[in-house]
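**Q** Provided below are the primary sequence and the corresponding predicted coordinates.
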Amino acid sequence: MSFFQNDIRTVFSTKKPPSLQSPILICGFPGSGYVGKIAVDHVISELQSQHLADIYSSSFPPQVVIKNTGTVELMKNIIYYVQGKGNNHDFLFLTGDAQPVSSKVEYLLGEEIIKVAKSFGVRQIITLGAYITGMFVDSPRIFGVATEDEGIKLLNSFDVLKIDNGSISGMNGILLGIAKINNLNGISLLGETSGYVVDANASKHLLKKLLEVVGLKVDMEDLDRKAKDTIMLIKSIEQRMGDKNNQSDVQQMVQKKQPEIGYIS
């Protein structure tokens, strides 16, 4: 049988699945600024999470990922788990190399992720992504949406700014929609970013808010360093643009009034 006979294939790393206590699924897909992915990858690393499963798709970009050992692997999404770190909750974390290039397979991947999550007793999912404004900011705000009113109340209680129009593209949105029709509660937390750079500063602010919401503690030193690197990069871009043109597009962008709605990914 062909490995890719179906569009989606999940391969578990153990025959005996872990027993998880009221787990929450937290997803950080690669997208604009890698805001969500950087945040989730940091938690996975700091909590020394255990590998659970790989999800492959024939709709991921047709290329392999080169590892730091010089070896290669097919693109995939990866699910990890951690036990005993939260208040009355264990956690599943999803990260990955890519999102599907096919809109149909985005739905199929969303269904597969929800199926795996439900098999471990997940009732709550959180997706992390980017709220793209086209402007550089030092202190990114955190926006959010939810699948039901209780989720909105939760976001309000943590001073997350509610989004009340527009749409969420890609897996961050699709996964919430599929969760809802499967009677799972879902929220999405979105870090404000320009959309022009890999934005570890937005990831840092996003992760801090996530940790408040789910009651986790994670060492932030490494991400703080990456966030400072992002800020230095942005200042360098602004400086170079300023040297060329005192009324540069970047400077105008920084000073411009915040728009009512940004692009969400």
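**A** Thanks, I have it.
**Q** What's the local residue count around residue 217?
**A** Using other C-beta atoms under 10 Å, residue 217 has 10 neighbouring residues. Every residue, glycine included, has its C-beta placed from N, CA and C.
**Q** how about the strands in the stretch 51-200 of the chain?
**A** Using DSSP state E, counting those that start in this stretch, the strands assigned to the stretch 51-200 of the chain run over residues 64-66, 72-74, 77-82, 91-96, 124-132, 142-146, 161-162, 185-193.
**Q** Just put those strands in CSV and tack on mean pLDDT and mean neighbour count.
**A** Output for these, formatted as CSV (pLDDT from 0 to 100; neighbours: other C-beta atoms under 10 Å):
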stretch, mean pLDDT, mean neighbour count
strand 64-66, 96, 12
strand 72-74, 96, 13
strand 77-82, 98, 22
strand 91-96, 97, 24
strand 124-132, 97, 26
strand 142-146, 97, 23
strand 161-162, 96, 12
strand 185-193, 97, 26
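**Q** where along the stretch 51-200 of the chain do the helices fall?
**A** 103-119, 149-157, 170-181, 200-214 (DSSP state H, counting those that start in this stretch).
**Q** which stretch among those comes nearest residue 21?
**A** With C-beta to C-beta, the closest approach to residue 21 among these belongs to helix 200-214: 13.5 Å.
**Q** Show me what the closest one is packed against.
**A** Packing partners of helix 200-214 (3 or more C-beta pairs under 8 Å, 6 or more residues apart in numbering; DSSP states H and E): strand 24-28, helix 35-46, strand 124-132, strand 142-146, strand 185-193, helix 221-244.
**Q** one more time with 7 Å, if that's ok
**A** If you count contacts as 3 or more C-beta pairs under 7 Å, 6 or more residues apart in numbering; DSSP states H and E, helix 200-214 packs onto helix 35-46, strand 124-132, strand 142-146, strand 185-193, helix 221-244.
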